[in-house]
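J.: with the sequence up front, the predicted model follows.
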Amino acid sequence: MPKISDIEETPNPNAVKFILREPVSNGTARSYSSADQGQDDSLAKSLFAIEHVVSVFYMDRMITIEKDDEGDWDDLLPILAVPIRAAEAVNSPAAAAAAVGGAIAAVTSDDPRLLKINEILDEKVRPALMGDGGYLEVLGLKEHTLSIRYQGACGSCPSSLTGTLMAIEGMLKQEIDPELEVIAV
């Protein structure tokens, strides 16, 4: 049962990040943008049962929850704390593999550029996104087009879909391939 260490605002006004003392996953990012997607995950299911919750993202000692425009954080935060405190760590290898999803294809690709792209993202981009309650998953690389998916607070944040995306593309063009185009799906 994780204890909540802190609750932080994110650049996305509809998302907050809960910092936990114990992990709820072991290095595996879990991201759900609907109650249907989170139906088989007990933590996500319990959070989606709370009115106004529209997305759930968690990884290690962080849970980011996004609400709709009608929800009020002052009302929601105490209610959200209950299922978070009741959560248990996800230790099952099968659950971890299922959560990775499309990222497996990206990591196991024969294209050596993908390994370098993931190294750059791990070093320069993902830590900043995690600091803001989000994450970035590489879905694949076809010719000169890299497909990524923002998760957590970044999933619907206007700055990640514009400025951050352009910064990532510029960095990868400079370090990997000047013709590379990065698209968020």
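T.: Now that the structure is in, tell me what you want to look at. Residues are numbered from 1 along each chain as shown.

J.: list the neighbouring strands of the helix or strand where Ile183 lies plus their orientation.
T.: Here Ile183, judged by DSSP states H and E, is contained in strand 181-184. With DSSP bridges as the test, strand 181-184 is paired with strand 145-152 (parallel).

J.: need the next SSE after the strand it pairs with, C-terminal direction.
T.: Next helix or strand after strand 145-152 toward the C-terminus (DSSP H and E): helix 165-175.

J.: and the contacts of the strand holding Ile183?
T.: Applying CB atoms under 8 Å, 6 or more residues apart in numbering, the external contacts of strand 181-184 come out as 144-150, 160-161, 165, 168-169, 172. In this view, the C-beta of every residue, glycine as well, is placed from N, C-alpha and C.

J.: chain center to that strand: distance?
T.: Its chain's average C-alpha position is 17 Å from that of strand 181-184, according to CA atoms, centre = their mean, to the nearest Å.

J.: quick revisit: now, the most widely separated pair of the contacts of strand 181-184?
T.: Using CB to CB, the contacts of strand 181-184 span at most 21.7 Å, a distance reached by His144 and Ser160.

J.: could you find the closest non-adjacent residue to Gly152?
T.: Spatially, and ignoring its direct neighbours in sequence, Gly152 is nearest to Phe57 (3.3 Å; CB to CB, 6 or more residues apart in numbering).

J.: does that neighbour count as helix, strand or coil?
T.: strand (DSSP: H, G, I helix; E, B strand; the rest coil).

J.: isn't it right up against Leu47?
T.: No: with contacts defined as CB atoms under 8 Å, Phe57 does not count as touching Leu47, sitting 10.3 Å away.

J.: now do the shared contacts for those two.
T.: Common contact partners of Phe57 and Leu47 (CB under 8 Å, 6+ apart): Ile65.

J.: about what we covered before: now the strand holding Ile183: buried residues?
T.: Using 16 or more other CB atoms under 10 Å as the test for burial, strand 181-184 gives 182, 184.

J.: same question, stretch 121-136
T.: 121, 125-126, 129-130, 132-136.

J.: ok, residues contacting that stretch?
T.: With contact meaning CB under 8 Å, 6+ apart, stretch 121-136 is reached by 8, 10-12, 15-17, 29, 31, 57, 59, 62, 64, 138, 148-155, 157, 160, 164, 168, 171.

J.: let's see that with 7 Å instead.
T.: Stretch 121-136 is contacted by residues 10-11, 15, 17, 29, 57, 59, 62, 64, 138, 148, 150-155, 160, 168, 171 when judged by CB atoms under 7 Å, 6 or more residues apart in numbering.
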